[in-house]
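Peer 1: based on what follows, work out the 3D shape:
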Amino acid sequence: TYTGVNKAFVDFIGKKTEEIIGRNDTDFFNSYLANTFNSSDQEIIQTGKKTNFAEWMKDSMGNDVFFDTTKTPLLNAEGEISGVVGISRDNTHLKKTEFVLKENQNKLQLIYDHANEGIFILQDEKIVFLNQKLCEIIGYEHEDLINSNFLDYVHNDDKSYVSEFSEKKLQGLNTGKSLVFRIISAQKKIIYVKINSKSLQWEGNKSILALLDEITEQYLLEKELKEVNDRNRMSQKAAKIDAWEWDIVSDKIRCSDISYSIFGITDKVKHFDSREFFRFIFPDDKKKILLGFKE
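Peer 2: A predicted model of the protein is given here:
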């Protein structure tokens, strides 16, 4: 039975003080809330311990309101428990804000998880945030990766290289945009990856935001192509064969070392343009060479 209420409670119930005093919870709340309040009151009276709980309710205008309530024993002059004092705080705005933030966080996580790159944040070399794509690339579950040391997944020969890069990035030093290194997957496979990263503040601490792409197939293909080109250059050099490449779009011509020897050029340059290059060709043969390219 209510024996005293303040103005805020009167406003919430939408009744006059004299219409509340002497009545109980079943007169103002639905059966679920009334039973919940009554049970907590009885427990406080029996144990003498305060209790805290939070509930959505409807005010006198039918609006949904979220109350955080603390109830403590009410003592009489003899120090005996004679009732319960309840203090409720209207946290509706806070609760709705939390809901919006949580909803936005879930949407953001959904975007992260559907990204084509593995996205993660490092603090002290530990993974404090990651998306699902990183799990797929490395082959571990989210719970295995979160709060683990990222260097644990890096190939032993690349650990110092990656660690040094991370430290320079945190210090704001120039490291370049991307880093290529090897990772050992959960299946013990070597994976070549490239990350683009930047330093940032995450929850008040210096951190690194990284976007990771797997480039194993691309890396091995480029490596094989480079080895083939290196072998070709060595073969041409050994056989004293002149080789040159002409990019018609940019008009850049790159020559082999033999070309410089044949042309008698002592100062090597990165590339020529066609005007510079064709001055080394016998005039009667220039037309023949150009026709050969057109064919």
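Peer 1: so which residues of the chain form helices?
Peer 2: 7-13, 17-20, 31-47, 92-113, 132-138, 142-145, 159-170, 216-238, 257-263, 274-278, 283-294 (DSSP state H).
Peer 1: average model confidence for the longest one?
Peer 2: Which is helix 216-238. For helix 216-238, mean pLDDT rounds to 73.
Peer 1: counting neighbours, what do you get for the residue lying closest to residue 136 once chain neighbours are set aside?
Peer 2: Using Cβ to Cβ, 6 or more residues apart in numbering and skipping residues adjacent in sequence, the residue nearest residue 136 is residue 118, 7.7 Å away. In short, each C-beta sits where N, CA and C put it, glycine included. Using other Cβ atoms under 10 Å, the number of residues around residue 118 comes to 24.
Peer 1: bridged to residue 118, which residues?
Peer 2: residue 212 (DSSP bridges).
Peer 1: for it, what are its contacts?
Peer 2: 130, 131, 133, 134, 136, 137, 138, 211, 212, 213 (Cβ atoms under 8 Å, 6 or more residues apart in numbering).
Peer 1: buried subset of the residues you listed as a ChimeraX selection?
Peer 2: Per 16 or more other Cβ atoms under 10 Å, the buried members of the contacts of residue 118 correspond to this ChimeraX selection:
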select :130,131,133,134,137,138,211,212,213
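Peer 1: any chance of the contacts of residue 118 in CSV, with distance to residue 176 and pLDDT too?
Peer 2: Formatted as CSV, these follow (distance: Cβ to Cβ, whole Å; pLDDT from 0 to 100):
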residue, distance to residue 176, pLDDT
130, 23, 89
131, 24, 89
133, 23, 89
134, 22, 91
136, 26, 90
137, 22, 91
138, 23, 91
211, 14, 90
212, 16, 91
213, 16, 89
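Peer 1: among the contacts of residue 118, which one sits closest to residue 171?
Peer 2: residue 211 (20.4 Å; Cβ to Cβ).
Peer 1: list phi and psi for the closest residue to the closest one other than its chain neighbours.
Peer 2: Counting by Cβ to Cβ, 6+ apart, residue 117 is the residue found nearest to residue 211 once chain neighbours are left out, at 4.4 Å. Here is the backbone geometry of residue 117 (degrees, to the nearest 10): phi -110, psi 160.
Peer 1: residue 117 contacts residue 215, correct?
Peer 2: No: counting by Cβ atoms under 8 Å, residue 117 does not reach residue 215; the two are 11.2 Å apart.
Peer 1: those two: which is more packed in?
Peer 2: residue 117 (19 against 15).
Peer 1: could you measure from the more buried one over to residue 197?
Peer 2: Using Cβ to Cβ, to the nearest Å, residue 117 is found at 11 Å from residue 197.
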